[in-house]
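1. Could you look at this predicted model? Sequence included:
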Amino acid sequence: MRFYVGKRRHAPAVIIVALIDVLIVLLIFLMLTTSFQQHHIVQLAESTQSQKAGANETPPLVVSVDAKGVFRYGPDALPVTEDRLKTELLASVEKNPQLKLAISADKDAPFGQIVKVMDAAKEAKVKMINAFTKEAVKQ
């Protein structure tokens, strides 16, 4: 009897570099998609008199009120309480006496919360208060 000594089979090798590349791509994808969840969307009310803001104007200070009635202040849209909103508005008016305030309220926001923002602005002696709206759909 003759026995053949065949080639020795090696254990299959796993290419680690390719796995690391795939994991990095998945990590980047997950980091990008989870960062989009931090935005707070406000549905603006419609107005037939809505106008686009001019490019040469100084931008107003924005106070947002979402559908749950939470106040958000400034360009970072940080959540604030009513008392904190009043103190922030007073400090802003001290820095700029000609401060313009824009209220960006969700169409489903409680009206009482919008009135609280207006009261805080009047208490801080804000000269001009506007509200953000969007153009009404023409039928």
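-> Right, received. Where do you want to start?
2. So what touches stretch 79-91?
-> Residues from elsewhere that reach stretch 79-91, judged by CB atoms under 8 Å, 6 or more residues apart in numbering: 63, 70-74, 101, 116-117, 120-121, 123-124, 126. Placement of C-beta: from N, CA and C, glycine included.
3. low-scoring stretches of the protein, by residue?
-> Across the chain, the ranges flagged by pLDDT under 70 are 1-7, 35-41, 50-57, 135-139.
4. at 80 instead, please
-> Filtered on pLDDT under 80, the chain yields the residue ranges 1-14, 33-59, 75, 132-139.
5. mind listing the strands for it?
-> Counting by DSSP state E, the chain has these strands, from start to end: 46-47, 61-65, 71-73, 78-80, 100-105, 128-131, 134-135.
6. partners of the first one in the sheet?
-> Think strand 46-47. Next to strand 46-47 in the sheet, as set by DSSP bridges, lie strand 134-135 (parallel).
7. just the fourth one next, same as before
-> Next to strand 78-80 in the sheet, as set by DSSP bridges, lie strand 71-73 (antiparallel).
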